[in-house]
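Enquirer: when you get a sec, could you give me coordinates for this:
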Amino acid sequence: MIDAQRLAVPGGVVAAIVLALIVVTGTGGAAAAAVPAFIAAVALAARWPSAALAVARGRAVLLLLLLPTLVHFHAAGGRISGDGVSYYVYVRSLAVDGDLDFTNEYTHYGLIAREDLAVPTRTGLRRSIFAVGPALVWIPFFAAGEAVARVASMLGTPVDLSGYGPYHVNAVALGSLLLGFAAVLLVHDFAARHFEAGVALIAAAAVWLATFLYWYMVQQPTMSHAPSVFGAALVVWLWDRQRAHRTPAGFLLLGVVIGLAMCLRWQNAALGLLPAFDLATGSATGLRRMGAGALALAAGAIAGALPQMAAWHALYGEWVLLDPPHGADFLRLGRPFVLETLFSSRHGLLSWTPLLWLGYLGLGPLLRTRRALALPLLAPAVVMTYVNMCSGDWWAGGSFSNRRFDSLLPVLAPGVAASVEWLAGTIARRPVLVPAALAAAVGALNVAVLEGVRKSASPAASIAFADTVEIGARQLADALGSPPTWPASWAFAWRHRLSPRQYDLLVGRYLFYRQNNLQGRIDLGGPGDEPMLGEGWGARAMHDGSEARPLQGRGRILAPLDVPEDIEVAVRAHADVAIVVRASVNGRDAGTFSAGPGWAEHRLAIGRDRWRRDLNDFVLEAEARGVWVDSVDFSRAGVPEGQERGFRAR
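Expert: This is a model prediction of the structure:
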C-alpha cells in the first residue's frame, strides 16, 4: 500500500502530462484520452484525502470530475467558433507578430472584407471590439503549444508552425478549460470558508456543471467567458480574505486583480463594488485609513487595467473609450429588457440555466444567516444583472444561455450554497418532502405520457416512450406556455391577449433589429411565422397560385420593433372581387386599400407616431370575406440605402 501511494504522485503527474499532450496534438479519439485519464483517476484515488480533510476531499472530487471533462473536450469539444476567432487573433498577433495589427489574422480567417473591419482606424490598425485580457492569460498556453509543435517538427511530424495550426489552437483551448476549472476551485474554497464542506462542494460543482460555464470550457473555449469567470472568481476569493484587516497594500493588490479582471471582460469592473462596500462601511480598515485604502484600490485598478487601455490606444488612439467599442447604441441604461433577459427561449438566463434561481433566491437566506457576506454581494449582483438587461442585444448574440452573466457565477455561488443548505435543513425537518417530490415528479411524467398516448396517431399501436413524453410536453406548453418561461409567458399572454405558448418563439424576434432579424418580412404563406400572427387568420392554403391565409374578420399581425420609426408597409393581397381593407396600428387608423382580382402589393406609409417599441398590433379588417394575404413587408423609411430591411449596429 505504501509503495502504491509513493507511485501515485509521479504516476498521476505523468498521466496528466500524457493526457495534455494528446489533447494538444489532437492524437486519437476518446479512447486515446481515456487511458491516461483513467490512470490519473487511479493515482488520485490512491492519494485520497482522509475523512478529517473534508475540504481537501471536495477538491479531490472536483479533480476527479475534471478527467472525464478532458476526455469529452478532446473527443467532442469545440475549438474556434463565433467570437472566439476575434479573441484568438489577439493572442496569435501578440505571440507571433508582437503587435496588434490584425490585418494578416483577419485575412487568414476571411474577415478582412467585412464592413466593420475593412477600413483601418485612425492609427492604421484594424478594429476590434473585444478585450485583450484573454490573450494575455492564453500566451503561456500558446507558448506551450509552440514548444510541442517545434519538438514534433524536429521529430519529423508535419506541423503547422504559423500559429493558426491545431497545436496552437488546442493548447489555447486547453488553457481556457483549465482556467475555468481554476475558477471552480476558487469558488469551492470561497464557499468552504462560509459553509459546511459538502454544501460547498455541491455549490462549486453546480456552478461548473449546471451552468453555461461548462459549455464555454468545452465547446467554445476560445471565447472570453472561461477566463472571465476565473478573473471574477479570483477577485471574489481575494476580496473575501482578511476583509476586516485589509491594509492599503492589500487594497492595492485587490485593485490590480480587479483591473486585470476588467481586461478579461469590462463588466468585471462592477466587482469593485465589493471592496468599495467594505471601505464605505468601515469594515475593512477603519475610518482613519479609509482614504488610503480607496486611493490604493483605485491605483491598483488603473494599473491592472493598463493592458486594455494600451490596446485601445494602439487600435483607436485613445486610452479610454467614452462609448463601448460595440457602438454608442449598444448599452441603453434607461431601457432594460427585464423579462426577456431572464425568461426567453432566446438565451434567457433563468430559462436556460434554472440553477441560477437558487443563486438569486438564495441571497434571501444568505442575508438571514450570513449578513456580512450577503450585503456586499448584493451590489454587483444587482448592477451586473441590470446592465446585462440593458444591452442592445440582450440575448447575447449566439450565446449558450446568457453568457454575459459569466462574472456573476462566483457572486451567486454563495446564494446557491445557501439554497442547498436551506433545502437540506428543510428536508431534515420534514423528510416526507422527498417522497412527496418524487411522487409529484412521477405523477407529472405519467400525465405527460397519458397525454402523449391520447394524442398519438394510433393509441393502440406501439409508440416510443420518448415520443409520448415529447407529445405530452407539447400539450402542456400549448396550454400553459413553456415551463422555463414561467411566469414571464403568463404576463405576456395577459398583456397582449395571446396564448402563453406564443411567448417562447415570439419574444426576441424583431423586424429589423440586429442579428437574425426578420428582414422586415412576415410571410403568412410560409411556415415558421405562426408566432407572429394573432387572431383573425385562417389556415394556410394554396390560393390562385400562392400559398396564403384568408382574412377572417379582424386579422392581427404582431410587429416587434426596437424603436418607433417611419415605416412603409406592403401588403400582398388577393380577392375575387374588389374589397376594401382597413389597416390600423395599435388601434389607430393607418390607411385603406382595395384588394381585388390578381395578387398585388398595396403600400401604406405609416408615421412613427403610430408605432411603439416592442410589440405592435398591425391589424387588417376587410369589409367582406374573401381577402387572402400572402405576405406583409415592412421597410424603414428615410434611412440610408441598404438599411431599409435591417438595423446596422453603430
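
Enquirer: flag the shaky bits of the stretch 451-600 of the chain, pLDDT-wise.
Expert: 456-462 (pLDDT under 70).

Enquirer: low-confidence stretches in the stretch 1-150 of the chain?
Expert: For the stretch 1-150 of the chain, the stretches with pLDDT under 70 are 1-4.

Enquirer: now the helix or strand hosting residue 339: mean pLDDT?
Expert: Of the helices and strands defined by DSSP states H and E, residue 339 is found in helix 338-342. The pLDDT scores in helix 338-342 average 93.

Enquirer: next one: that helix to chain centre, how far?
Expert: Offset of helix 338-342 from its chain centre (Cα atoms, centre = their mean, to the nearest Å): 13 Å.

Enquirer: after it, which helix or strand is next?
Expert: The first helix or strand that comes after helix 338-342 along the chain, using DSSP H and E, is helix 349-352.

Enquirer: check which element follows that following helix along the chain.
Expert: Using DSSP H and E, the helix or strand that directly follows helix 349-352 along the chain is helix 355-361.

Enquirer: and that following helix, C-alpha only, in CSV?
Expert: What follows is helix 355-361 as a C-alpha-only set of coordinates in CSV (Å, rounded to 0.1, in the frame of the first residue of the first chain):
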residue,chain,number,x,y,z
LEU,A,355,-29.8,26.5,-11.3
LEU,A,356,-29.4,30.3,-11.0
TRP,A,357,-32.8,30.5,-9.5
LEU,A,358,-31.0,29.1,-6.4
GLY,A,359,-28.3,31.7,-6.8
TYR,A,360,-30.7,34.7,-6.8
LEU,A,361,-33.3,33.4,-4.4
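
Enquirer: for stretch 606-618, buried residues please.
Expert: For stretch 606-618, burial by neighbour count (16 or more other Cβ atoms under 10 Å) applies to 606, 610-611, 615-618. For the C-beta atoms, the positions are set from N, CA and C on the backbone; glycine is no exception.

Enquirer: please disregard the earlier target; I meant stretch 102-120.
Expert: Buried positions in stretch 102-120, judged by neighbour count with 16+ other Cβ under 10 Å: 102, 104-106, 108, 111, 117.

Enquirer: same question, stretch 39-52
Expert: Buried residues in stretch 39-52, counted by 16+ other Cβ under 10 Å: 39-41, 43-44, 46.

Enquirer: what helices and strands are in contact with the helix holding residue 339?
Expert: Other helices and strands packing on helix 338-342, by 3 or more Cβ pairs under 8 Å, 6 or more residues apart in numbering; DSSP states H and E, are helix 349-352, helix 371-389, helix 488-496.

Enquirer: circling back: so can I have JSON lines of the buried residues of stretch 606-618 showing secondary structure and pLDDT?
Expert: Formatted as JSON lines, those follow (DSSP: H, G, I helix; E, B strand; the rest coil; pLDDT from 0 to 100):
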{"residue": "606", "secondary structure": "strand", "pLDDT": "97"}
{"residue": "610", "secondary structure": "helix", "pLDDT": "96"}
{"residue": "611", "secondary structure": "coil", "pLDDT": "97"}
{"residue": "615", "secondary structure": "strand", "pLDDT": "93"}
{"residue": "616", "secondary structure": "strand", "pLDDT": "96"}
{"residue": "617", "secondary structure": "strand", "pLDDT": "96"}
{"residue": "618", "secondary structure": "strand", "pLDDT": "97"}
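
Enquirer: and those, which is closest to residue 588?
Expert: Nearest to residue 588 among those is residue 610, at 5.4 Å by Cβ to Cβ.

Enquirer: quick one, what contacts the closest one?
Expert: 564, 585-586, 588, 590 (Cβ atoms under 8 Å, 6 or more residues apart in numbering).

Enquirer: what's the burial count for the residue nearest to residue 508 when sequence neighbours are not counted?
Expert: With sequence-adjacent residues excluded and distances taken as Cβ to Cβ, 6 or more residues apart in numbering, residue 508 is closest to residue 346, at 3.1 Å. Residue 346 sits with 21 neighbouring residues when counted by other Cβ atoms under 10 Å.

Enquirer: wait, what's in contact with the nearest residue to residue 609 once chain neighbours are set aside?
Expert: Closest residue to residue 609 apart from its sequence neighbours, by Cβ to Cβ, 6+ apart: residue 564 at 7.5 Å. When contacts are counted by Cβ under 8 Å, 6+ apart, residue 564 touches 608-613.

Enquirer: residue 420: which of those is nearest?
Expert: Of all the contacts of residue 564, residue 420 sits closest to residue 613, with 39.9 Å by Cβ to Cβ.

Enquirer: which stretches of the stretch 401-550 of the chain form strands?
Expert: 521-523, 541-543, 546-550 (DSSP state E, counting those that start in this stretch).

Enquirer: just name the most buried of the ones you listed.
Expert: Greatest average neighbour count among the strands of the stretch 401-550 of the chain goes to strand 546-550 (a mean of 20), per mean count of other Cβ atoms under 10 Å.

Enquirer: the strand or helix carrying residue 313: which residues count as buried?
Expert: Here residue 313 sits within helix 290-316, counting by DSSP H and E. Residues of helix 290-316 classed as buried: 290, 293-294, 296-301, 304-309, 311-316 (neighbour count, 16+ other Cβ under 10 Å).

Enquirer: what do you get for stretch 336-355?
Expert: 336-337, 339-353, 355.

Enquirer: try stretch 439-453
Expert: 448-449, 451-453.

Enquirer: stretch 182-197 too?
Expert: For stretch 182-197, by 16+ other Cβ under 10 Å, it's 182-192, 194-197.

Enquirer: outline the domain layout of the chain.
Expert: Using automatic domain parsing, the domain ranges for the chain come out as 2-76, 84-420, 433-493, 509-636.

Enquirer: and of those, who's closest to residue 503?
Expert: Comparison of the domains of the chain against residue 503 by Cβ to Cβ identifies domain 433-493 as nearest, at 3.8 Å.

Enquirer: point out the ones among the buried residues of stretch 102-120 that are inside helices.
Expert: 104-106, 108, 117 (DSSP state H).

Enquirer: residue 450: what's its closest spatial neighbour, skipping adjacent residues?
Expert: Sequence neighbours aside, residue 472 is the residue nearest to residue 450 in space, at 7.1 Å (criterion: Cβ to Cβ, 6+ apart).

Enquirer: wait, doesn't the one you found sit right on residue 444?
Expert: No - using Cβ atoms under 8 Å, residue 472 makes no contact with residue 444, being 9.2 Å away.

Enquirer: could the contacts of residue 564 be laid out in TSV, adding distance to residue 201?
Expert: Formatted as TSV, those follow (distance: Cβ to Cβ, whole Å):
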residue	distance to residue 201
608	56
609	59
610	57
611	53
612	50
613	45
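
Enquirer: between those, which is nearest residue 405?
Expert: Closest approach to residue 405 among the contacts of residue 564 (Cβ to Cβ): residue 613, at 23.9 Å.

Enquirer: and for residue 279, the neighbour number?
Expert: Counted with other Cβ under 10 Å, the neighbours of residue 279 add up to 19.

Enquirer: helix, strand or coil for it?
Expert: At residue 279 the chain is in helix, as set by DSSP: H, G, I helix; E, B strand; the rest coil.

Enquirer: all strands of the stretch 551-650 of the chain, in order?
Expert: With DSSP E, counting those that start in this stretch, the ranges of strands along the stretch 551-650 of the chain come out as 554-561, 567-575, 579-585, 588-595, 600-606, 614-622, 627-636.
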